[in-house]
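[1] generate a structure from the sequence data that follows.
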Amino acid sequence: MQLPTPPGYTGLVPLDREKHRGLGIDPAARAAFVRRLGAAHLTLPEFQHAARDYPIAFAKDSNSGEFVPVAVLGLTGSNNLFVDAGGNWEDMRYVPAYVRRWPFFVVDVRKEDGTVDRSLICVDESALVPSETPLLDPETGTSEAWTRTEALISDMQGARAHNAALAETVERLDLMVPFEAHAQAKSGRQFRLRGLYRVEEQRLKDLSANELKKLMKRGELPRIYAHLMSLDNFRFLLDRTTAAQQDATD
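    I've put the predicted structure just below:
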């Protein structure tokens, strides 16, 4: 089975509770991961938290073609503007679950008819090193840190159905329009981020009362408005991008 390589990861292998015992997460690998992360996938429960700090946009999944919500962290595609050189996240900024779950990822193993047979916990093996505080203890095969990570993995799996439902809704109602974010530094260099989508507010307003009621009942309407309000954060992202470029040329 060929495993995917999620954004920011270098590769995946199935988690082996025997082979990976005694290993912990390499701090240098974590720093490299967060620094090169230009966007992070979000689950619907995260929208209210993430919307305070980042623009929330949608991208199209390269495999399924579904709309996937992301917190935009930079305009160059591989540069997180919210961490320092050591990979430390800014104080008081929301850290997406996608980042907290790394280096783990869940892959669905499907049957021949396309239905999910089982879900497989995988890991970016390049991030694991021998550690005095391993995630999988050599004796017990677990740890407090692994228990927390496993709970986060489970929560994110549970949220996948809600994400898929929202993706189906915005597709069915034809609410999405493409857009791009761009900025120009004083040096004249231009930054342009393409491949993003947003809900067109007028199309949302034009929905029937019945459709709006359905969106509210499913809890999707508050998330859509959190997404729309978060787009104002692109102004701060543009300012950060031009400031970072200016610092680099000084």
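[2] show me the strands in this structure, by range?
    13-14, 23-25, 39-41, 56-60, 67-72, 104-110, 116-123, 128-130, 176-184, 190-199 (DSSP state E).
[3] pLDDT averaged over the shortest one - what is it?
    Read that as strand 13-14. On average, the pLDDT along strand 13-14 is 95.
[4] for the residue of the chain most remote from its centre, what are phi and psi?
    Here the centre of the chain is the reference, and by Cα atoms, centre = their mean the most remote residue is Glu139, at 33.5 Å. Per-residue torsions, Glu139: phi -90, psi -50 (degrees, to the nearest 10).
[5] how near is it to Val116?
    Distance from Glu139 to Val116, counting by Cβ to Cβ, to the nearest Å: 34 Å. From N, CA and C alone the C-beta is placed, and that goes for glycine too.
[6] likewise for Leu81?
    Taking Cβ to Cβ as the measure, Leu81 and Val116 are separated by 36 Å.
[7] what about those two, which has more around it?
    Leu81 (19 against 9; other Cβ atoms under 10 Å).
[8] which residues sit in contact with that one?
    By Cβ atoms under 8 Å, 6 or more residues apart in numbering, Leu81 lies in contact with Leu73, Gly74, Leu237, Arg240, Thr241, Ala244.
[9] so among the residues you listed, where is pLDDT lowest?
    Ala244 (67).
[10] now tell me which helix or strand of the protein has the poorest mean pLDDT.
    helix 234-249 (a mean of 73; mean pLDDT, DSSP states H and E).
[11] for Asp137, see how far away the residue nearest to Met229 when sequence neighbours are not counted is.
    Leaving aside its chain neighbours, Met229 sits nearest to Ala51 (6.1 Å; criterion: Cβ to Cβ, 6 or more residues apart in numbering). Ala51 sits 38 Å away from Asp137 when distances are taken as Cβ to Cβ.
[12] between those two, who's got more neighbours?
    Ala51 (23 against 15).
[13] about what we covered before: correct me if wrong: the residue nearest to Met229 contacts Leu228.
    No. Counting by Cβ atoms under 8 Å, Ala51 does not reach Leu228; the two are 9.2 Å apart.
[14] any stretches of the protein with poor pLDDT?
    Residue ranges of the chain with pLDDT under 70: 1, 77, 114-115, 183-189, 244-250.
[15] point to the residue nearest the middle of it.
    Nearest to the chain centroid, counting by Cα atoms, centre = their mean: His41, 1.7 Å.
[16] I figured it hits Pro69, correct?
    Yes. His41 lies in contact with Pro69 (Cβ under 8 Å); the separation is 7.1 Å.
[17] how near is the residue nearest to Leu212 when sequence neighbours are not counted to Ala167?
    Counting by Cβ to Cβ, 6+ apart, Leu221 is the residue found nearest to Leu212 once chain neighbours are left out, at 6.7 Å. For Leu221, the distance to Ala167 (Cβ to Cβ) stands at 15 Å.
[18] what of Arg194?
    Applying Cβ to Cβ, the value for Arg194 to Ala167 is 20 Å.
[19] higher neighbour count, those two?
    Each of Arg194 and Ala167 has its neighbours counted (other Cβ under 10 Å); Ala167 has more, 20 against 10.
[20] ok, back up a step: and the residue farthest from the centre of the chain, what is it in contact with?
    With Cβ under 8 Å, 6+ apart, Glu139 has no contacts at all.
[21] distance check, it against Gly22.
    9 Å.
[22] cool, Gly86 as well?
    Gly86 is 26 Å from Gly22, by Cβ to Cβ.
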